[in-house]
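Colleague: Mind folding the following:
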Amino acid sequence: MHSIGIIPARYASTRLPGKPLIDLGGKSMIQRVVEQARQANLSRVVVATDDERIRKHVLGFGGEAVLTNPDHPSGTDRVWEAYQHLGTPADCVVNIQGDEPFVHAAQINALLALFADANTQIATLVKPVLNLEELLSPHLPKVVLGAQAEALYFSRHPVPYLRQHPQEQWLQHHPYLRHIGLYAYRPAVLQQLTQLAPAPLELAESLEQLRWLTHGFRIRTAETALETIGIDTPEDVARALAYLQRPGQYPST
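Modeller: Okay, here's the model as predicted:
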């Protein structure tokens with residue numbers, strides 16, 4: 001199977017301008033993402049950026065990068081434009097978050113495995129919720145699945161609501177899952193996703209994947225127990241640096 005990993009990397013960031021170029025233990029964040037992605041079973045790994053400084057930096061460490069429109073409303077749109085620039089047909093395109101410097105090859109490979117089924121349209125990852133802090137955090141979207149491990153709904157609120165138990169006991173009575181924002185798509189499906197109008201549920205929860213579900217696309221999931229560290233704030237940078245001092249021991253969120 002020919003699969004391409006595309007890493008959206010914008011320069012602008014409200015809390016961390018130039019985020020992809022932030023130094024993490026002697027390597028930029030974007031270099032770490034590329035190196036992690038290259039360990040997976042991907043045929044090609046490409047950075048999709050809106051900034052020449054990032055493109056030159058990626059080329060400088062031996063990576064591949066393409067310039068894309070700075071006005072894309074989402075990473076999904078940037079990934080689709082980058083895929084068109086490449087001119088290489090693929091069976092599967094993986095959208096790898098550019099602010100996840102410790103993404104695991106096994107997580108990417110778990111998504112790729114789902115595309116052995118010709119009916120798979122979109123795939124993403126889920127992870128068991130481990131504690132009440134994770135369950136109640138609006139920054140860690142939760143997901144409920146159907147019998148075939150297809151997503152039924154995503155929410156920033158804990159779902160389902162266990163009306164017969166107090167909230168602090170919910171994890172004792174239900175195996176809650178949180179969503180990990182790594183996606184893979186059939187190219188034809190990816191193209192269709194970029195043409196969809198925003199949906200009311202998406203706007204309510206600020207979760208793009210609800211647009212896809214609203215329009216009838218099916219999202220298959222693979223479960224992972226592996227943790228990652230997303231970089232959005234200076235505090236996240238400190239957590240990442242702490243992790244580099246003690247690999248394998250992820251600081252708590």
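Colleague: quick one: the strands in the stretch 51-200 of the chain?
Modeller: For the stretch 51-200 of the chain, the strands defined by DSSP state E, counting those that start in this stretch cover 65-67, 92-95, 122-128, 142-145, 151-155, 177-185.
Colleague: Endpoint to endpoint, stretch 105-121 covers what distance?
Modeller: 21 Å (CA to CA, to the nearest Å).
Colleague: Just checking the distance from it to the centre of its chain.
Modeller: 14 Å (CA atoms, centre = their mean, to the nearest Å).
Colleague: one step back: can the strands of the stretch 51-200 of the chain go into CSV with extra columns for distance to Ala48 and mean pLDDT?
Modeller: (Each C-beta comes from the backbone N, C-alpha and C, glycine too.) Output for those, formatted as CSV (distance: least, CB to CB, whole Å; pLDDT from 0 to 100):
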stretch, distance to Ala48, mean pLDDT
strand 65-67, 6, 96
strand 92-95, 9, 98
strand 122-128, 18, 97
strand 142-145, 26, 98
strand 151-155, 24, 98
strand 177-185, 14, 96
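Colleague: Nearest to Leu241, out of those?
Modeller: strand 177-185 (21.9 Å; CB to CB).
Colleague: residues in contact with the closest one?
Modeller: Strand 177-185 has contacts (CB atoms under 8 Å, 6 or more residues apart in numbering) with 3, 76, 92-97, 100, 103, 107-108, 111-112, 114-115, 121-129, 134, 140-145, 154, 193, 209, 223-224, 228, 230.
Colleague: Next up, the contacts around Thr194.
Modeller: Neighbours of Thr194 in contact, by CB under 8 Å, 6+ apart: Thr76, Asp77, Trp80.
Colleague: how about low-confidence regions in the stretch 101-250 of the chain?
Modeller: 247-250 (pLDDT under 70).
Colleague: In it, what residue spans correspond to helices?
Modeller: 105-114, 132-136, 170-173, 187-193, 200-205, 209-214, 234-245 (DSSP state H, counting those that start in this stretch).
Colleague: Which one, of the strands of the stretch 51-200 of the chain, ends up nearest to Gln36?
Modeller: That would be strand 177-185 among the strands of the stretch 51-200 of the chain, by CB to CB, at 11.3 Å.
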